[in-house]
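# Give the three-dimensional model of this entry:
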Amino acid sequence: MKVLITGGNRGIGKAAAEKLLNQNCEVIITVRDPQKGRAAISELKEKTGKSAINMVEGDLSDIQSCFTLADRIKDQHQDINCFISNAGVLMTEKQLNKDGLELNFMINYIAPYILCRELVPVLKENEGTRIVNVNSALYTKGKLQLEKTPKGDDFHPIKSYASSKLCNVLFALDLAEELEGTGLTINSVHPGVINTGLGDSKTILSRIIKLIKPFWKKPDYGAIAPVWVATSDELEGVSGKYFNEREEMAYIDYVKDEQLRQQLRNFTEELIKEKTANV
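Okay, the predicted model is just below:
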């Protein structure tokens, strides 16, 4: 089994890579910083005694870079069986990328959207393929305000993060319905409240988060649920579900609104078309 993990050089992604290597999977991690990627790979090889791990360098912070990363993955790895969409951020202060998009919205929603859309044709060609969408229970606190949220006009550290995760869940459910009958499944999973690098900065909120992080669970625990969703025989053919750790949870009613999902899909496609028009 060959598994692709975004953000695999730290936190939950790195811990998931370790667990998968120990299950004799081949692992591909995406990294923004190749030096950190090489260091993570070296450490994982030493810890597991396994060598079946490689990296693909790429950036998820703007639209064109996501397409570039997707192209690299498709060029180098046509035999992927599972994509764990793990990379994410919690921005404690408003930052816009070169597309004019707020980074929570870009990295937590637009980047997974592009990678999933680009990799679906590859995944469909292989047997028993799965997409694992690492999400957050905070999605339930999000709001879809497409006239404000993408550009951060309503920025709030927690609410903007929650809204990006809501968009992520809306897309995952939409894609699950689209993929029905193809053999390719997608499920979302909240890994628990985990002490990772999310929210690290010099803001007051970040300092508060750092005070309570020691009480959160470690990345090794956070990797359990995503790896289970990726590999469990119990979930063969299961798609469109949301798991809180390893317990299936019902979606909030807001997510079940097909018109809302259609609205988000149309907006996203138009946004991507606009930002890539001159490329």
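
# which SSE is residue 115 in?
helix 111-124 (DSSP states H and E).

# May I have that helix exported as PDB, CA atoms only?
Output in PDB follows, covering the C-alpha atoms of helix 111-124 (Å, rounded to 0.1, in the frame of the first residue of the first chain):
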ATOM      1  CA  ALA A 111      -5.100  23.400  -1.100                       C
ATOM      2  CA  PRO A 112      -6.900  20.100  -0.300                       C
ATOM      3  CA  TYR A 113      -9.600  21.000  -2.900                       C
ATOM      4  CA  ILE A 114      -7.000  21.400  -5.600                       C
ATOM      5  CA  LEU A 115      -4.900  18.300  -4.600                       C
ATOM      6  CA  CYS A 116      -8.000  16.100  -4.300                       C
ATOM      7  CA  ARG A 117      -9.400  17.200  -7.700                       C
ATOM      8  CA  GLU A 118      -6.000  16.700  -9.400                       C
ATOM      9  CA  LEU A 119      -5.300  13.400  -7.800                       C
ATOM     10  CA  VAL A 120      -8.700  11.700  -8.100                       C
ATOM     11  CA  PRO A 121      -8.000  10.500 -11.700                       C
ATOM     12  CA  VAL A 122      -4.700   8.900 -10.500                       C
ATOM     13  CA  LEU A 123      -6.400   7.300  -7.400                       C
ATOM     14  CA  LYS A 124      -9.300   5.900  -9.500                       C
END
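
# pLDDT weak spots in the chain?
Where the chain drops to pLDDT under 70, the residues are 193-217, 279.

# Give the next helix or strand downstream of the top helix by length along it.
In terms of residue count, the longest helix belonging to the chain (DSSP state H) is helix 157-178. Next helix or strand after helix 157-178 toward the C-terminus (DSSP H and E): strand 185-190.

# and the angle from that next one to helix 157-178?
Strand 185-190 and helix 157-178 are oriented at 160 degrees to each other (axes from the mean of the first three to the mean of the last three C-alpha atoms, to 10 degrees).

# In the sheet, which strands lie alongside strand 185-190, parallel or antiparallel?
strand 130-134 (parallel), strand 242-244 (parallel) (DSSP bridges).

# So which of these is the most surrounded?
Highest mean neighbour count of the strands paired with strand 185-190: strand 130-134, a mean of 27 (counted as mean count of other C-beta atoms under 10 Å). No exception for glycine: its C-beta is placed from N, CA and C like everyone else's.

# what's the offset of that one from the middle of its chain?
8 Å (C-alpha atoms, centre = their mean, to the nearest Å).

# Also stretch 85-92?
For stretch 85-92, the distance to the chain centre is 8 Å (C-alpha atoms, centre = their mean).

# Stretch 183-194: which residues count as buried?
184, 185, 186, 187, 188, 189, 190, 191, 192, 194 (16 or more other C-beta atoms under 10 Å).

# For the residue lying closest to residue 239 once chain neighbours are set aside, give the beta-bridge partners.
If the residues on either side of it in the chain are set aside, residue 239 comes closest to residue 185, at 3.7 Å by C-beta to C-beta, 6 or more residues apart in numbering. Counting by DSSP bridges, residue 185 forms beta bridges with residue 130.

# was I right about residue 185 contacting residue 131?
Yes. Between residue 185 and residue 131 there is a contact under C-beta atoms under 8 Å: 7.1 Å.

# re earlier: list the buried residues for the helix holding residue 115?
In helix 111-124, counting by 16+ other C-beta under 10 Å, buried: 111, 112, 113, 114, 115, 116, 117, 118, 119, 120, 122, 123.

# where exactly do the helices run in this protein?
11-22, 34-48, 63-76, 103-105, 111-124, 157-178, 204-212, 219-222, 224-231, 258-275.

# Reformat the buried residues of helix 111-124 as a markdown table; add distance to residue 256.
Formatted as a markdown table, these follow (distance: C-beta to C-beta, whole Å):
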| residue | distance to residue 256 |
| --- | --- |
| 111 | 25 |
| 112 | 20 |
| 113 | 19 |
| 114 | 25 |
| 115 | 25 |
| 116 | 20 |
| 117 | 22 |
| 118 | 27 |
| 119 | 26 |
| 120 | 23 |
| 122 | 29 |
| 123 | 25 |
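
# residues touching the spatially closest residue to residue 114 that is not a sequence neighbour, list them.
Distances taken as C-beta to C-beta, 6+ apart put residue 66 closest to residue 114, at 4.1 Å, once the chain neighbours are dropped. Contact analysis of residue 66 by C-beta atoms under 8 Å, 6 or more residues apart in numbering lists 58, 59, 60, 110, 111, 114, 115.
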